[in-house]
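K.L.:
Quick one, structure for this:
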Amino acid sequence: MSSSSGKSFIKGTVWAIADNFFRQLVTLSVFVVLARILDPEVFGLLSFALVFVNIFVAVINDGIVTAIIRKAEPTETDYNTAFWLCIGCSVPAFLFLISTAGFFEDLTDSKGLAIVMRATSLIILTTGLSSIHEVWLRRRMDFRTIAIRSSISVSLGGAIGVILALQGFGVYSVLAQQLTTAICQLCLLWFTTSWRPGMKVSKESLKEIVNFSKFIALSNLSNAANQNSDIFFVTYYLGPVATGIYTTGKRISSTLNTVISSALLRVSMPAFAKLQNDDAGLAKMYLHATTLTAMVTAPVFIGIAVLSEDITILVLGEKWIKAVPVMQVVTVIGFLTSIGYYNQSVMVAKNKPQWQTRLTLLYAISNVVSFIIFTRFGLLATALAFAGRALILYPVSAWCALKLTGIKWQKYLKAILPPLGSSFVMAYVLFNVATLLAGNLLIVRLVVLIGLGALIYGILMYLLMPSSYRKYMIDIFYSKVLKHQKAYN
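P.N.:
Model (predicted):
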(Lines give C-alpha, C1' and ligand atoms only; values in the text may rest on other atoms or scores of the structure.)
Protein backbone atom coordinates (compact mmCIF):
# COMPACT_ATOMS: atom_id res chain seq x y z
CA MET A 1 0.00 0.00 0.00
CA SER A 2 1.42 3.39 -0.99
CA SER A 3 1.87 6.21 1.52
CA SER A 4 -0.88 8.31 -0.07
CA SER A 5 -3.38 5.45 -0.23
CA GLY A 6 -2.57 4.55 3.38
CA LYS A 7 -3.25 8.12 4.50
CA SER A 8 -6.51 8.11 2.50
CA PHE A 9 -7.56 4.87 4.21
CA ILE A 10 -6.87 6.23 7.71
CA LYS A 11 -8.54 9.56 6.96
CA GLY A 12 -11.55 7.82 5.44
CA THR A 13 -11.90 5.50 8.42
CA VAL A 14 -11.79 8.40 10.88
CA TRP A 15 -14.49 10.27 8.97
CA ALA A 16 -16.63 7.14 8.64
CA ILE A 17 -16.50 6.41 12.37
CA ALA A 18 -17.12 10.08 13.21
CA ASP A 19 -20.10 10.08 10.84
CA ASN A 20 -21.66 7.04 12.47
CA PHE A 21 -21.02 8.32 16.01
CA PHE A 22 -22.45 11.80 15.34
CA ARG A 23 -25.46 10.40 13.50
CA GLN A 24 -26.29 8.03 16.36
CA LEU A 25 -25.73 10.78 18.93
CA VAL A 26 -28.08 13.21 17.16
CA THR A 27 -30.68 10.51 16.50
CA LEU A 28 -30.66 9.39 20.13
CA SER A 29 -30.82 12.99 21.40
CA VAL A 30 -33.79 13.78 19.15
CA PHE A 31 -35.49 10.57 20.26
CA VAL A 32 -35.07 11.54 23.93
CA VAL A 33 -36.71 14.92 23.29
CA LEU A 34 -39.54 13.42 21.24
CA ALA A 35 -40.10 10.64 23.80
CA ARG A 36 -40.87 13.28 26.43
CA ILE A 37 -43.43 14.93 24.14
CA LEU A 38 -45.11 12.10 22.21
CA ASP A 39 -47.03 9.00 23.27
CA PRO A 40 -45.59 5.45 22.98
CA GLU A 41 -48.13 4.61 20.25
CA VAL A 42 -46.42 7.06 17.85
CA PHE A 43 -43.09 5.25 18.16
CA GLY A 44 -44.83 1.90 17.85
CA LEU A 45 -46.43 2.83 14.53
CA LEU A 46 -43.15 4.23 13.18
CA SER A 47 -41.12 1.21 14.34
CA PHE A 48 -43.49 -1.22 12.62
CA ALA A 49 -43.44 0.75 9.36
CA LEU A 50 -39.65 0.97 9.35
CA VAL A 51 -39.38 -2.82 9.66
CA PHE A 52 -40.49 -3.16 6.04
CA VAL A 53 -38.47 -0.19 4.85
CA ASN A 54 -35.31 -1.59 6.44
CA ILE A 55 -35.90 -5.05 4.97
CA PHE A 56 -36.35 -3.73 1.43
CA VAL A 57 -33.34 -1.41 1.69
CA ALA A 58 -31.15 -4.20 3.10
CA VAL A 59 -32.21 -6.77 0.53
CA ILE A 60 -32.31 -4.54 -2.56
CA ASN A 61 -29.77 -1.76 -2.19
CA ASP A 62 -27.16 -3.28 0.11
CA GLY A 63 -26.63 -6.30 -2.14
CA ILE A 64 -26.18 -4.16 -5.24
CA VAL A 65 -23.92 -1.73 -3.37
CA THR A 66 -21.68 -4.55 -2.12
CA ALA A 67 -21.46 -6.00 -5.64
CA ILE A 68 -19.98 -2.70 -6.88
CA ILE A 69 -17.74 -1.95 -3.90
CA ARG A 70 -15.97 -5.32 -4.00
CA LYS A 71 -14.97 -4.88 -7.68
CA ALA A 72 -11.33 -3.93 -8.24
CA GLU A 73 -12.14 -1.26 -10.83
CA PRO A 74 -15.86 -0.63 -11.47
CA THR A 75 -16.51 0.82 -14.90
CA GLU A 76 -18.91 3.59 -15.84
CA THR A 77 -21.18 0.87 -17.24
CA ASP A 78 -21.13 -0.94 -13.90
CA TYR A 79 -22.19 2.22 -12.06
CA ASN A 80 -24.97 2.90 -14.57
CA THR A 81 -26.24 -0.67 -14.49
CA ALA A 82 -26.24 -0.73 -10.68
CA PHE A 83 -28.08 2.60 -10.48
CA TRP A 84 -30.90 1.56 -12.81
CA LEU A 85 -31.11 -1.83 -11.10
CA CYS A 86 -31.58 -0.05 -7.76
CA ILE A 87 -34.36 2.06 -9.27
CA GLY A 88 -35.93 -0.96 -10.98
CA CYS A 89 -36.10 -2.83 -7.66
CA SER A 90 -37.01 0.13 -5.44
CA VAL A 91 -40.10 1.21 -7.38
CA PRO A 92 -41.92 -2.16 -7.05
CA ALA A 93 -41.01 -2.28 -3.34
CA PHE A 94 -42.38 1.24 -2.89
CA LEU A 95 -45.61 0.34 -4.71
CA PHE A 96 -45.94 -2.85 -2.67
CA LEU A 97 -45.90 -0.94 0.62
CA ILE A 98 -48.28 1.69 -0.73
CA SER A 99 -50.80 -0.96 -1.77
CA THR A 100 -50.52 -3.24 1.29
CA ALA A 101 -50.46 -0.57 4.01
CA GLY A 102 -54.19 -0.88 4.60
CA PHE A 103 -53.92 -4.66 4.91
CA PHE A 104 -51.27 -4.40 7.63
CA GLU A 105 -53.32 -1.79 9.49
CA ASP A 106 -56.28 -4.21 9.56
CA LEU A 107 -54.05 -7.20 10.38
CA THR A 108 -52.54 -5.55 13.45
CA ASP A 109 -55.62 -3.48 14.35
CA SER A 110 -53.36 -0.40 14.51
CA LYS A 111 -55.28 2.74 13.60
CA GLY A 112 -53.15 5.17 11.61
CA LEU A 113 -50.57 2.58 10.55
CA ALA A 114 -51.45 2.79 6.84
CA ILE A 115 -50.54 6.46 6.47
CA VAL A 116 -47.28 5.90 8.38
CA MET A 117 -46.32 2.98 6.12
CA ARG A 118 -47.15 4.93 2.96
CA ALA A 119 -45.14 7.94 4.08
CA THR A 120 -42.06 5.96 5.15
CA SER A 121 -42.13 3.93 1.93
CA LEU A 122 -40.71 7.04 0.21
CA ILE A 123 -37.43 6.28 1.99
CA ILE A 124 -37.06 3.23 -0.27
CA LEU A 125 -37.14 5.51 -3.32
CA THR A 126 -34.72 8.09 -1.91
CA THR A 127 -32.31 5.31 -0.95
CA GLY A 128 -32.54 3.77 -4.41
CA LEU A 129 -31.78 7.14 -5.99
CA SER A 130 -28.75 7.81 -3.77
CA SER A 131 -27.09 4.44 -3.07
CA ILE A 132 -24.78 4.36 -6.10
CA HIS A 133 -23.80 8.01 -5.64
CA GLU A 134 -22.66 7.09 -2.14
CA VAL A 135 -20.78 4.09 -3.54
CA TRP A 136 -18.99 6.42 -5.96
CA LEU A 137 -17.81 8.53 -2.99
CA ARG A 138 -16.87 5.51 -0.90
CA ARG A 139 -14.76 4.09 -3.72
CA ARG A 140 -12.80 7.35 -3.65
CA MET A 141 -12.53 7.22 0.18
CA ASP A 142 -14.44 10.52 0.32
CA PHE A 143 -16.10 9.80 3.67
CA ARG A 144 -15.81 13.46 4.59
CA THR A 145 -18.52 14.42 2.09
CA ILE A 146 -20.71 11.55 3.27
CA ALA A 147 -20.23 12.55 6.92
CA ILE A 148 -21.08 16.22 6.31
CA ARG A 149 -24.15 15.29 4.28
CA SER A 150 -25.31 12.87 6.96
CA SER A 151 -24.74 15.33 9.81
CA ILE A 152 -26.69 18.12 8.10
CA SER A 153 -29.56 15.79 7.18
CA VAL A 154 -30.12 14.16 10.58
CA SER A 155 -29.77 17.51 12.36
CA LEU A 156 -32.28 19.23 10.07
CA GLY A 157 -34.70 16.30 10.21
CA GLY A 158 -34.43 16.15 13.99
CA ALA A 159 -35.03 19.89 14.37
CA ILE A 160 -38.15 19.80 12.21
CA GLY A 161 -39.46 16.74 14.07
CA VAL A 162 -39.04 18.40 17.46
CA ILE A 163 -40.61 21.70 16.32
CA LEU A 164 -43.68 19.92 14.93
CA ALA A 165 -43.98 17.71 18.01
CA LEU A 166 -43.99 20.78 20.26
CA GLN A 167 -46.83 22.21 18.12
CA GLY A 168 -48.92 19.07 18.66
CA PHE A 169 -48.60 17.30 15.29
CA GLY A 170 -48.13 13.88 16.91
CA VAL A 171 -47.22 11.09 14.50
CA TYR A 172 -46.79 13.58 11.64
CA SER A 173 -43.81 15.08 13.47
CA VAL A 174 -41.84 11.81 13.35
CA LEU A 175 -42.86 11.29 9.72
CA ALA A 176 -41.59 14.79 8.91
CA GLN A 177 -38.34 13.96 10.71
CA GLN A 178 -37.81 10.75 8.71
CA LEU A 179 -38.73 12.20 5.32
CA THR A 180 -36.80 15.46 5.80
CA THR A 181 -33.68 13.46 6.67
CA ALA A 182 -34.08 11.12 3.68
CA ILE A 183 -34.85 13.84 1.12
CA CYS A 184 -32.08 16.11 2.43
CA GLN A 185 -29.57 13.25 2.19
CA LEU A 186 -30.64 12.60 -1.40
CA CYS A 187 -30.41 16.25 -2.48
CA LEU A 188 -27.06 16.86 -0.79
CA LEU A 189 -25.58 13.69 -2.25
CA TRP A 190 -26.59 14.56 -5.80
CA PHE A 191 -25.39 18.14 -5.29
CA THR A 192 -21.96 17.17 -3.89
CA THR A 193 -21.25 14.24 -6.24
CA SER A 194 -20.02 14.90 -9.75
CA TRP A 195 -21.08 11.48 -11.03
CA ARG A 196 -24.38 11.30 -12.92
CA PRO A 197 -26.08 8.11 -14.15
CA GLY A 198 -26.04 7.47 -17.87
CA MET A 199 -28.03 5.18 -20.14
CA LYS A 200 -25.09 2.95 -21.09
CA VAL A 201 -25.71 -0.41 -19.39
CA SER A 202 -24.76 -4.00 -20.21
CA LYS A 203 -26.24 -7.46 -19.77
CA GLU A 204 -22.87 -8.78 -18.61
CA SER A 205 -22.65 -6.23 -15.81
CA LEU A 206 -26.27 -6.83 -14.83
CA LYS A 207 -25.73 -10.59 -14.70
CA GLU A 208 -22.59 -10.24 -12.59
CA ILE A 209 -24.23 -7.84 -10.13
CA VAL A 210 -27.32 -10.04 -9.75
CA ASN A 211 -25.33 -13.26 -9.34
CA PHE A 212 -23.19 -11.75 -6.60
CA SER A 213 -25.82 -9.67 -4.81
CA LYS A 214 -28.33 -12.52 -4.48
CA PHE A 215 -26.15 -14.12 -1.79
CA ILE A 216 -25.78 -10.79 0.03
CA ALA A 217 -29.54 -10.26 -0.28
CA LEU A 218 -30.27 -13.65 1.30
CA SER A 219 -27.93 -12.94 4.20
CA ASN A 220 -29.37 -9.43 4.66
CA LEU A 221 -32.91 -10.77 4.56
CA SER A 222 -32.02 -13.21 7.35
CA ASN A 223 -30.36 -10.42 9.35
CA ALA A 224 -33.34 -8.11 8.86
CA ALA A 225 -35.77 -10.82 9.98
CA ASN A 226 -33.51 -11.56 12.94
CA GLN A 227 -33.37 -7.90 14.01
CA ASN A 228 -36.98 -6.85 13.32
CA SER A 229 -39.22 -9.91 13.75
CA ASP A 230 -39.84 -9.05 17.42
CA ILE A 231 -41.29 -5.67 16.44
CA PHE A 232 -43.68 -7.32 13.97
CA PHE A 233 -44.98 -9.84 16.49
CA VAL A 234 -45.22 -7.34 19.36
CA THR A 235 -47.40 -5.11 17.16
CA TYR A 236 -49.45 -8.08 15.96
CA TYR A 237 -50.11 -9.56 19.41
CA LEU A 238 -49.91 -6.56 21.74
CA GLY A 239 -50.54 -3.43 19.63
CA PRO A 240 -48.57 -0.27 18.71
CA VAL A 241 -48.47 1.14 22.26
CA ALA A 242 -46.63 -1.98 23.44
CA THR A 243 -44.35 -1.77 20.41
CA GLY A 244 -43.39 1.79 21.31
CA ILE A 245 -42.53 0.72 24.86
CA TYR A 246 -40.62 -2.34 23.66
CA THR A 247 -38.52 -0.52 21.06
CA THR A 248 -37.73 2.20 23.58
CA GLY A 249 -36.47 -0.45 25.99
CA LYS A 250 -34.13 -1.73 23.28
CA ARG A 251 -33.05 1.72 22.14
CA ILE A 252 -29.96 2.35 24.28
CA SER A 253 -28.58 -1.16 23.75
CA SER A 254 -29.13 -1.06 19.98
CA THR A 255 -27.59 2.43 19.69
CA LEU A 256 -24.50 1.40 21.64
CA ASN A 257 -24.08 -1.73 19.53
CA THR A 258 -24.54 0.23 16.31
CA VAL A 259 -21.71 2.59 17.28
CA ILE A 260 -19.53 -0.27 18.52
CA SER A 261 -20.17 -2.49 15.49
CA SER A 262 -19.24 0.27 13.06
CA ALA A 263 -15.84 0.69 14.70
CA LEU A 264 -15.16 -3.00 15.32
CA LEU A 265 -16.11 -4.24 11.87
CA ARG A 266 -14.22 -1.48 10.07
CA VAL A 267 -11.05 -2.23 12.04
CA SER A 268 -11.24 -5.99 12.60
CA MET A 269 -12.16 -7.15 9.09
CA PRO A 270 -9.12 -5.69 7.28
CA ALA A 271 -6.85 -6.50 10.25
CA PHE A 272 -7.98 -10.14 10.36
CA ALA A 273 -7.91 -10.42 6.57
CA LYS A 274 -4.18 -9.55 6.54
CA LEU A 275 -3.58 -12.53 8.85
CA GLN A 276 -5.83 -15.03 7.10
CA ASN A 277 -2.78 -17.16 6.13
CA ASP A 278 -1.11 -16.72 9.55
CA ASP A 279 -3.12 -18.96 11.86
CA ALA A 280 -1.08 -18.19 14.97
CA GLY A 281 -1.17 -14.44 14.33
CA LEU A 282 -4.91 -14.46 13.64
CA ALA A 283 -5.63 -16.48 16.78
CA LYS A 284 -3.56 -14.10 18.90
CA MET A 285 -5.21 -10.98 17.46
CA TYR A 286 -8.73 -12.45 17.76
CA LEU A 287 -8.21 -13.39 21.40
CA HIS A 288 -6.55 -10.05 22.19
CA ALA A 289 -9.37 -8.07 20.54
CA THR A 290 -12.06 -10.12 22.27
CA THR A 291 -10.43 -9.67 25.68
CA LEU A 292 -10.01 -5.90 25.37
CA THR A 293 -13.54 -5.42 24.02
CA ALA A 294 -15.00 -7.55 26.83
CA MET A 295 -13.14 -5.44 29.39
CA VAL A 296 -14.82 -2.29 28.05
CA THR A 297 -18.32 -3.45 27.09
CA ALA A 298 -19.19 -5.89 29.90
CA PRO A 299 -19.34 -3.23 32.67
CA VAL A 300 -21.08 -0.73 30.37
CA PHE A 301 -23.96 -3.00 29.32
CA ILE A 302 -24.40 -4.69 32.69
CA GLY A 303 -24.14 -1.34 34.48
CA ILE A 304 -26.87 0.15 32.27
CA ALA A 305 -29.07 -2.87 33.04
CA VAL A 306 -28.71 -2.27 36.80
CA LEU A 307 -29.30 1.49 36.53
CA SER A 308 -31.97 1.28 33.80
CA GLU A 309 -34.84 2.47 36.00
CA ASP A 310 -33.00 5.62 37.12
CA ILE A 311 -31.74 6.25 33.58
CA THR A 312 -35.24 5.88 32.13
CA ILE A 313 -36.86 8.23 34.63
CA LEU A 314 -34.10 10.85 34.29
CA VAL A 315 -33.82 10.78 30.49
CA LEU A 316 -37.29 9.82 29.24
CA GLY A 317 -39.67 10.46 32.13
CA GLU A 318 -42.04 8.42 34.28
CA LYS A 319 -44.37 7.52 31.40
CA TRP A 320 -41.72 5.14 29.99
CA ILE A 321 -41.27 3.17 33.22
CA LYS A 322 -42.81 0.08 31.58
CA ALA A 323 -39.80 -0.05 29.24
CA VAL A 324 -37.42 -0.75 32.16
CA PRO A 325 -37.81 -4.57 32.32
CA VAL A 326 -37.19 -4.80 28.57
CA MET A 327 -34.11 -2.59 28.87
CA GLN A 328 -32.74 -4.66 31.74
CA VAL A 329 -33.02 -7.96 29.88
CA VAL A 330 -31.93 -6.82 26.42
CA THR A 331 -29.00 -4.67 27.58
CA VAL A 332 -27.27 -7.56 29.35
CA ILE A 333 -27.20 -9.50 26.07
CA GLY A 334 -25.61 -6.47 24.39
CA PHE A 335 -22.29 -7.66 25.79
CA LEU A 336 -22.44 -10.87 23.76
CA THR A 337 -23.33 -8.91 20.65
CA SER A 338 -20.30 -6.65 21.07
CA ILE A 339 -17.75 -9.47 21.20
CA GLY A 340 -19.69 -11.48 18.61
CA TYR A 341 -18.68 -9.08 15.83
CA TYR A 342 -15.18 -10.59 15.94
CA ASN A 343 -16.64 -14.03 15.21
CA GLN A 344 -18.15 -12.63 12.03
CA SER A 345 -14.87 -10.98 11.03
CA VAL A 346 -12.95 -14.24 11.48
CA MET A 347 -15.40 -16.12 9.22
CA VAL A 348 -15.03 -13.48 6.52
CA ALA A 349 -11.23 -13.38 6.86
CA LYS A 350 -11.01 -17.17 6.55
CA ASN A 351 -13.25 -17.12 3.46
CA LYS A 352 -16.18 -18.80 5.17
CA PRO A 353 -19.02 -16.31 4.53
CA GLN A 354 -21.40 -19.22 4.00
CA TRP A 355 -20.98 -20.07 7.69
CA GLN A 356 -22.18 -16.60 8.61
CA THR A 357 -25.14 -16.91 6.22
CA ARG A 358 -26.17 -20.19 7.83
CA LEU A 359 -25.85 -18.64 11.26
CA THR A 360 -28.08 -15.68 10.35
CA LEU A 361 -30.67 -18.10 8.95
CA LEU A 362 -30.52 -20.09 12.19
CA TYR A 363 -30.89 -16.88 14.23
CA ALA A 364 -33.81 -15.68 12.11
CA ILE A 365 -35.73 -18.95 12.27
CA SER A 366 -35.18 -19.38 16.01
CA ASN A 367 -36.21 -15.77 16.64
CA VAL A 368 -39.44 -16.07 14.67
CA VAL A 369 -40.36 -19.35 16.41
CA SER A 370 -39.56 -17.88 19.84
CA PHE A 371 -41.65 -14.76 19.24
CA ILE A 372 -44.61 -16.72 17.87
CA ILE A 373 -44.61 -18.77 21.07
CA PHE A 374 -43.82 -16.14 23.73
CA THR A 375 -44.81 -12.64 22.53
CA ARG A 376 -48.50 -13.16 23.28
CA PHE A 377 -47.56 -13.38 26.98
CA GLY A 378 -46.27 -9.80 27.16
CA LEU A 379 -43.24 -7.58 26.69
CA LEU A 380 -41.09 -9.20 29.38
CA ALA A 381 -41.69 -12.64 27.87
CA THR A 382 -40.68 -11.25 24.46
CA ALA A 383 -37.49 -9.72 25.84
CA LEU A 384 -36.62 -12.96 27.65
CA ALA A 385 -37.20 -14.94 24.46
CA PHE A 386 -34.94 -12.53 22.57
CA ALA A 387 -32.21 -12.74 25.20
CA GLY A 388 -32.58 -16.49 25.75
CA ARG A 389 -32.19 -17.26 22.07
CA ALA A 390 -29.06 -15.08 21.90
CA LEU A 391 -27.59 -16.75 25.00
CA ILE A 392 -28.28 -20.29 23.78
CA LEU A 393 -26.98 -19.77 20.22
CA TYR A 394 -23.95 -17.59 20.97
CA PRO A 395 -21.71 -20.63 21.59
CA VAL A 396 -22.41 -21.71 17.99
CA SER A 397 -21.03 -18.41 16.66
CA ALA A 398 -18.04 -18.60 19.01
CA TRP A 399 -17.40 -22.23 18.02
CA CYS A 400 -17.11 -21.21 14.36
CA ALA A 401 -14.46 -18.60 15.19
CA LEU A 402 -12.59 -20.94 17.55
CA LYS A 403 -12.64 -23.71 14.94
CA LEU A 404 -11.11 -21.40 12.33
CA THR A 405 -8.48 -19.96 14.69
CA GLY A 406 -7.62 -23.17 16.53
CA ILE A 407 -8.24 -21.63 19.97
CA LYS A 408 -9.43 -23.93 22.76
CA TRP A 409 -12.62 -23.18 24.68
CA GLN A 410 -10.73 -22.97 27.97
CA LYS A 411 -8.52 -20.20 26.63
CA TYR A 412 -11.51 -18.30 25.21
CA LEU A 413 -13.47 -18.51 28.46
CA LYS A 414 -10.38 -17.44 30.40
CA ALA A 415 -10.35 -14.28 28.28
CA ILE A 416 -13.99 -13.24 28.78
CA LEU A 417 -14.86 -14.56 32.26
CA PRO A 418 -12.79 -12.04 34.32
CA PRO A 419 -14.56 -8.93 32.90
CA LEU A 420 -17.91 -10.71 32.94
CA GLY A 421 -17.48 -11.92 36.53
CA SER A 422 -16.19 -8.53 37.69
CA SER A 423 -19.20 -6.83 36.06
CA PHE A 424 -21.68 -9.09 37.84
CA VAL A 425 -19.97 -8.47 41.20
CA MET A 426 -20.16 -4.73 40.43
CA ALA A 427 -23.86 -5.13 39.55
CA TYR A 428 -24.59 -6.93 42.84
CA VAL A 429 -22.95 -4.17 44.88
CA LEU A 430 -24.69 -1.41 42.90
CA PHE A 431 -28.09 -3.06 43.30
CA ASN A 432 -27.74 -3.13 47.09
CA VAL A 433 -26.26 0.37 47.36
CA ALA A 434 -29.02 1.73 45.10
CA THR A 435 -31.58 0.45 47.62
CA LEU A 436 -29.82 2.34 50.41
CA LEU A 437 -29.75 5.55 48.33
CA ALA A 438 -33.40 5.31 47.28
CA GLY A 439 -34.36 8.51 49.08
CA ASN A 440 -31.65 10.68 47.50
CA LEU A 441 -31.95 13.01 44.53
CA LEU A 442 -31.99 10.98 41.30
CA ILE A 443 -29.03 12.67 39.59
CA VAL A 444 -26.95 12.46 42.79
CA ARG A 445 -27.76 8.76 43.16
CA LEU A 446 -26.74 8.06 39.56
CA VAL A 447 -23.44 9.93 39.87
CA VAL A 448 -22.56 8.08 43.09
CA LEU A 449 -23.53 4.68 41.66
CA ILE A 450 -21.63 5.18 38.39
CA GLY A 451 -18.51 6.31 40.26
CA LEU A 452 -18.76 3.41 42.70
CA GLY A 453 -19.30 0.94 39.88
CA ALA A 454 -16.24 2.19 38.00
CA LEU A 455 -14.12 1.93 41.14
CA ILE A 456 -15.25 -1.61 41.99
CA TYR A 457 -14.86 -2.87 38.44
CA GLY A 458 -11.45 -1.23 38.06
CA ILE A 459 -10.11 -2.85 41.25
CA LEU A 460 -11.49 -6.29 40.38
CA MET A 461 -10.19 -6.19 36.82
CA TYR A 462 -6.75 -5.09 37.98
CA LEU A 463 -6.62 -8.14 40.25
CA LEU A 464 -8.12 -10.60 37.76
CA MET A 465 -6.77 -9.49 34.39
CA PRO A 466 -3.82 -11.40 32.86
CA SER A 467 -0.43 -10.12 34.01
CA SER A 468 0.47 -9.05 30.47
CA TYR A 469 -2.52 -6.70 30.33
CA ARG A 470 -1.79 -5.39 33.83
CA LYS A 471 1.78 -4.54 32.83
CA TYR A 472 0.47 -2.89 29.66
CA MET A 473 -1.93 -0.68 31.66
CA ILE A 474 0.84 0.29 34.14
CA ASP A 475 3.17 1.22 31.28
CA ILE A 476 0.48 3.43 29.74
CA PHE A 477 -0.19 5.12 33.10
CA TYR A 478 3.46 5.89 33.79
CA SER A 479 4.06 7.09 30.23
CA LYS A 480 1.19 9.57 30.65
CA VAL A 481 2.57 10.74 34.02
CA LEU A 482 6.08 11.24 32.62
CA LYS A 483 4.68 13.11 29.61
CA HIS A 484 2.79 15.55 31.83
CA GLN A 485 5.85 16.00 34.09
CA LYS A 486 8.02 16.88 31.09
CA ALA A 487 5.41 19.31 29.82
CA TYR A 488 5.19 20.92 33.27
CA ASN A 489 8.97 21.25 33.65
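K.L.:
give me the number of residues near the nearest residue to K319 once chain neighbours are set aside?
P.N.:
Excluding its sequence neighbours, the residue lying closest to K319 (C-beta to C-beta, 6 or more residues apart in numbering) is P40, at 7.6 Å. Backbone N, C-alpha and C define where each C-beta goes, glycine included. When neighbours are defined as other C-beta atoms under 10 Å, P40 has 21 of them.
K.L.:
Could I get the contacting residues of P40?
P.N.:
P240, V241, A242, G244, I245, T248, K319, W320 (C-beta atoms under 8 Å, 6 or more residues apart in numbering).
K.L.:
Who are the contact partners of L464?
P.N.:
With C-beta under 8 Å, 6+ apart, L464 has these contacts: P418, G421, S422.
K.L.:
switch to 7 Å and redo it
P.N.:
P418, S422 (C-beta atoms under 7 Å, 6 or more residues apart in numbering).
K.L.:
quick one: it from S121, how far?
P.N.:
Separation of L464 from S121 (C-beta to C-beta, to the nearest Å) stands at 52 Å.
K.L.:
ok, now C89?
P.N.:
Distance, C89 to S121, using C-beta to C-beta: 14 Å.
K.L.:
try A289
P.N.:
40 Å.
K.L.:
Model confidence at L34, what's the number?
P.N.:
For L34, the pLDDT comes out at 92.
K.L.:
nearest residue to it other than its sequence neighbours?
P.N.:
A165 (5.5 Å).
K.L.:
Now for that neighbour, how many residues are close by?
P.N.:
24.
K.L.:
residues touching it, list them.
P.N.:
Counting by C-beta under 7 Å, 6+ apart, A165 has contacts L34, I37, L38, S173.
K.L.:
what about 8 Å?
P.N.:
A165 touches V33, L34, I37, L38, S173, V174, counting by C-beta under 8 Å, 6+ apart.
K.L.:
What residues of the helix or strand harbouring T66 count as buried?
P.N.:
Secondary structure assigned from DSSP states H and E places T66 in helix 63-69. Neighbour counts over helix 63-69 (16 or more other C-beta atoms under 10 Å) mark G63, I64, V65, T66, A67, I68 as buried.
K.L.:
Please tell me I have it right and the first one contacts A217.
P.N.:
This points to G63. Yes - counting by C-beta atoms under 8 Å, A217 is a contact partner of G63 at 4.0 Å.
K.L.:
okay, now Q167: neighbour count?
P.N.:
Neighbours of Q167 using other C-beta under 10 Å come to 10.
K.L.:
Now do the strands in this structure.
P.N.:
Read by DSSP state E, the chain holds no strands at all.
K.L.:
can I see the domain layout of it?
P.N.:
1-237, 239-489 (automatic domain parsing).
K.L.:
Next, count neighbours for the closest residue to G63 other than its chain neighbours.
P.N.:
Leaving aside its chain neighbours, G63 sits nearest to S213 (3.3 Å; criterion: C-beta to C-beta, 6+ apart). Neighbours of S213 under the rule other C-beta under 10 Å: 24.
K.L.:
Mind pulling the model confidence for S213?
P.N.:
pLDDT, read off for S213, is 76.
K.L.:
Can you pull out the low-pLDDT segments for the stretch 201-350 of the chain?
P.N.:
215, 260-274, 276 (pLDDT under 70).
K.L.:
can you map out the helices along it?
P.N.:
Ranges of helices within the stretch 201-350 of the chain are 203-238, 240-273, 279-306, 308-315, 324-349, based on DSSP state H, counting those that start in this stretch.
K.L.:
contacting residues around I152?
P.N.:
I152 neighbours (C-beta under 8 Å, 6+ apart): C184, L188.
K.L.:
Quick check: the gap between it and L188.
P.N.:
6 Å.
K.L.:
repeat for T297
P.N.:
34 Å.
K.L.:
Ok, L137 next?
P.N.:
For L137, the distance to L188 - C-beta to C-beta - is 11 Å.
K.L.:
now do I459
P.N.:
49 Å.
K.L.:
who has more neighbours, these two?
P.N.:
Set I459 next to L188 and count neighbours by other C-beta under 10 Å: L188 wins out with 19 against 12.
K.L.:
And for the spatially closest residue to Q167 that is not a sequence neighbour, the neighbour number?
P.N.:
Once flanking residues are discounted, Q167 sits nearest to S173: 8.0 Å by C-beta to C-beta, 6+ apart. Look at S173: counted by other C-beta under 10 Å, it has 21 neighbours.
K.L.:
Good, wrapping up.
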